[in-house]
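Chemist: got a structure for you, letters missing:
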């Protein structure tokens, strides 16, 4: 039953994103919220992601401060974080590092999602890469990034679904 609920919620999230026209302004607000947050300011190594056109573009925040930002590269079911030299389009249609050094352990990870709830429940795109990575790194602080239109009352969670510690949108921060 939960997989069906997740598919319905993904459809609702896609519809909300399609109707949302303020991506640029909202992304700028999200970046400011990150920069102003204590967790961002206290993090030296940040694991992040290259945003899809429908996702918040948080990268303005990376220009502020002295952070090392690493990006994921997917290889089968494995996800590793690299300090990129350049990006290429990966197998899942997402920009990922073409090459680069393996990143040192993170102080913070930014986690994308199709939808979130306010208790940290997260609905990903269905491949499980972030859940598997997070399972192996339980002590790394996790911030979910999304637009306010992607916040739902409750995300249906299965045993393998992991929560984020906090969700950052254009109207709320960590």
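Modeler: Ah, there it is. A quick note: this is a predicted structure, and the numbers were derived from the prediction, not measured. Numbers count the residues shown, from 1 in each chain.

Chemist: List the contacts of residue 86.
Modeler: Applying CB atoms under 8 Å, 6 or more residues apart in numbering to residue 86 gives the contacts 97, 98, 99. (C-beta placed from N, C-alpha, C; glycine too.)

Chemist: I'd like the distance between it and residue 136.
Modeler: To residue 136, residue 86 is 27 Å away according to CB to CB, to the nearest Å.

Chemist: thinking again about what came up before, got a winner among the contacts of residue 86 for most neighbours?
Modeler: Most neighbours among the contacts of residue 86, by other CB atoms under 10 Å: residue 97, with 22 neighbours.

Chemist: Tell me who's in contact with that residue.
Modeler: Each residue near residue 97 by CB under 8 Å, 6+ apart is listed here: 71, 73, 82, 83, 84, 85, 86, 87, 88.

Chemist: nearest residue to it other than its sequence neighbours?
Modeler: Spatial nearest neighbour of residue 97, chain neighbours left out: residue 84 (3.6 Å); criterion: CB to CB, 6 or more residues apart in numbering.

Chemist: Would you mind giving the contacts of residue 86 as a markdown table with distance to residue 29, secondary structure and pLDDT added?
Modeler: Output for the contacts of residue 86, formatted as a markdown table (distance: CB to CB, whole Å; DSSP: H, G, I helix; E, B strand; the rest coil; pLDDT from 0 to 100):
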| residue | distance to residue 29 | secondary structure | pLDDT |
| --- | --- | --- | --- |
| 97 | 27 | strand | 89 |
| 98 | 31 | strand | 86 |
| 99 | 33 | strand | 84 |
